[in-house]
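J.: Build the 3D model from these lines:
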Amino acid sequence: MEKIFKGMENGPETIDSNFNELIDPKRNQTVNDLTVKGQIIVNPGQKVYHTKVTLQPNLQIDLYRVGNMVKANFGGRGVTISPWKTFDGVIPLGYRTSVGTSASFSIDANIHTVNVWENGGIFNRMKDGNDSGGYWHDADGSDIWFTKDDYPE
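T.: Model (predicted):
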């Protein structure tokens, strides 16, 4: 190594101190925006963000965000939904889909498909939940989408 840094004043000592600085645990940093070319390895201790939204009376959606993925759990009891209607509740900033997508959940025996828009709106594309033949009108289901939103506060 001395031959490589022969003309450099304090060459080996400078290199050693730089390497020591790079492995110092105090150099850990939080990055909000990052462009990666290749593979990125995610920290398994990464924070999970959570919020709950009421889409309409008796129908809720639990949203969990890890990295840029969002898991949406639909649920509720006594759910009746109007066909071809936008729900009152919206997906908040931090959990919105990066591109328009669809999600599905069931009410008793009926599968319901909804459009989830980039602005957080959710539109019911299917018929009313009352005709499912069930007694309780239980809603249940989940879906996953990508988000490009900033992290929630």
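
J.: This structure: strands as residue ranges?
T.: For the chain, applying DSSP state E gives strands covering 49-56, 59-66, 69-76, 85-86, 101-107, 110-116, 122-124, 139-146.

J.: Contact partners for residue 55?
T.: 61, 87, 88, 89, 122 (Cβ atoms under 8 Å, 6 or more residues apart in numbering). Backbone N, C-alpha and C define where each C-beta goes, glycine included.

J.: what about the first one, distance to residue 32?
T.: Summarising the geometry, the distance separating residue 61 from residue 32, computed by Cβ to Cβ, to the nearest Å, is 26 Å.

J.: can you tell me which residue is nearest the centre of the protein?
T.: With distances taken as Cα atoms, centre = their mean, the chain has residue 70 as the residue nearest its mean C-alpha position (2.4 Å).

J.: Check that residue and give its pLDDT.
T.: We have a pLDDT of 97 for residue 70.

J.: Then residue 75?
T.: At residue 75, pLDDT is 95.

J.: Which residues are in contact with residue 136?
T.: Contact analysis of residue 136 by Cβ under 8 Å, 6+ apart lists 77, 78, 108.

J.: Pipe those into CSV and attach distance to residue 149 and neighbour count per row.
T.: Conversion of these to CSV gives the following (distance: Cβ to Cβ, whole Å; neighbours: other Cβ atoms under 10 Å):
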residue, distance to residue 149, neighbour count
77, 30, 11
78, 31, 12
108, 33, 17
